[in-house]
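**Q** Show me how the following folds:
(2 chains)
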Amino acid sequence: SQTIHQWPATLVQPVGSPLSLECTVEGTSNPNLYWYRQAAGRGLQLLFYSVGIGQISSEVPQNLSASRPQDRQFILSSKKLLLSDSGFYLCAWSVIRGQGKSPLHFGNGTRLTVT
Amino acid sequence: RKEVEQDPGPFNVPEGATVAFNCTYSNSASQSFFWYRQDCRKEPKLLMSVYSSGNEDGRFTAQLNRASQYISLLIRDSKLSDSATYLCVVNRNTGGFKTIFGAGTRLFVKA
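**A** Numbers count the residues shown, from 1 in each chain, chains lettered A, B, ... in the order given. Predicted coordinates for the structure are as follows:
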């Protein structure tokens, strides 16, 4: 069965510090991978998605970046965090099935507080 | 107008009540549909897919009306543990596969 691991679970970082969040998926090949952010009391905002190694699409302009160095590894980074980067970061995976796409399956999330 | 719209609630219901959530989507190219549940400070989890013929999973019934671009979720005999936010989710394949999340409907079930 497929599993998704995301870490760390919580993170407190000062403004201007770098960020690296990692996500790995097991039990499936060539998944679509996603990074979402959820601000407190708000809906999910898609940040990045990837359909393959080295292929990253950005949905919103921001000071974050994503990389996919391996098929089942997805990394979210920032060189300098802003206060507005605080939120709940979720990694997710899906696969293409026939004409459609499977539902998204989420990791446990990382709660980031920028101070 | 958002592509996927839900009543934000909150819905406050007593245990044992039946509650219905509605969702509308605007893109007729939408292909597949889901309901997710998100508990406070947790990740969203897939509750059930929604099929054109309607489908049921225990106390939960999901229905889809493609002509009206409308999706529903019915919860019968509500339990305290059903308290959560319910997210309507739509997949479409226009300009690449996209997954669109509704903002969610908050449900509180009280004793």
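
**Q** can we go C-alpha only for contacts and neighbour counts from here?
**A** OK.

**Q** which other residues reach the worst-scoring helix or strand of chain B on mean pLDDT?
**A** Across the helices and strands of chain B, mean pLDDT, DSSP states H and E gives its lowest value to strand B:97-101, namely a mean of 85. Residues outside strand B:97-101 that contact it (Cα atoms under 8 Å, 6 or more residues apart in numbering or on different chains) are A:43-44, A:101, B:3-4, B:87-92.

**Q** Try it again at 10 Å.
**A** For strand B:97-101, the external contacting residues (Cα atoms under 10 Å, 6 or more residues apart in numbering or on different chains) are A:32, A:43-46, A:49, A:51, A:96, A:100-104, B:2-6, B:25, B:30-36, B:87-93.

**Q** Show me the beta-bridge partners of residue 23.
**A** You didn't pick a chain, so chain A it is. A:Gln6, A:Phe74 (DSSP bridges).

**Q** should've been chain B
**A** Under DSSP bridges, the beta-bridge partners of B:Cys23 are B:Gln6, B:Ile71.

**Q** separation between it and A:Ser58?
**A** 27 Å (Cα to Cα, to the nearest Å).

**Q** For these two, work out which one has more neighbours and name it.
**A** More crowded of B:Cys23 and A:Ser58, by other Cα atoms under 10 Å in any protein chain shown: B:Cys23, with 21 against 15.

**Q** Verify the stated contact: that one with B:Leu74.
**A** No. Here B:Cys23 does not reach B:Leu74: they are 11.7 Å apart, not a contact under Cα atoms under 10 Å.

**Q** The residue of chain B found nearest chain A: what's it in contact with?
**A** As assessed by Cα to the nearest Cα, chain A sits closest to B:Ala103 within chain B, at 4.8 Å. By Cα under 10 Å, 6+ apart, B:Ala103 lies in contact with A:41-45, B:2, B:4-8, B:85-89.

**Q** between these, which is closest to A:Leu21?
**A** The closest of the contacts of B:Ala103 to A:Leu21 turns out to be A:Gln45 (Cα to Cα; 16.6 Å).

**Q** how about the residues of chain A near chain B?
**A** Contacts of chain A with chain B, taken as Cα under 10 Å from any Cα of the partner chain, map to A:32, A:38, A:40-46, A:49, A:51, A:88-92, A:96, A:99-111.

**Q** Drop anything exposed from those residues.
**A** A:32, A:38, A:44-46, A:49, A:51, A:88-92, A:101-111 (16 or more other Cα atoms under 10 Å in any protein chain shown).

**Q** contacting residues around the residue sitting nearest the centre point of chain A?
**A** By Cα atoms, centre = their mean, chain A has its centre lying nearest to A:Trp35, at 2.6 Å. When the contact criterion is Cα under 10 Å, 6+ apart, the partners of A:Trp35 are A:21, A:23, A:44-50, A:58, A:66, A:74-76, A:89-93, A:106, A:109.

**Q** which residues sit in contact with the residue lying closest to A:Ile4 once chain neighbours are set aside?
**A** In this structure, A:Ile4 finds its nearest non-sequential neighbour in A:Val25, 4.4 Å apart by Cα to Cα, 6 or more residues apart in numbering or on different chains. The neighbours of A:Val25, taking Cα under 10 Å, 6+ apart as the test, are A:2-6, A:31, A:33, A:71-74, A:91-93, A:107.

**Q** For the residues you listed, work out which two are farthest apart.
**A** Every pair of these checked by Cα to Cα; the farthest is A:Asp71 and A:Gly107, at 16.5 Å.

**Q** right, and B:Asn55 touches B:Trp35 too?
**A** No. Judged on Cα under 10 Å, B:Asn55 makes no contact with B:Trp35 at a distance of 11.8 Å.
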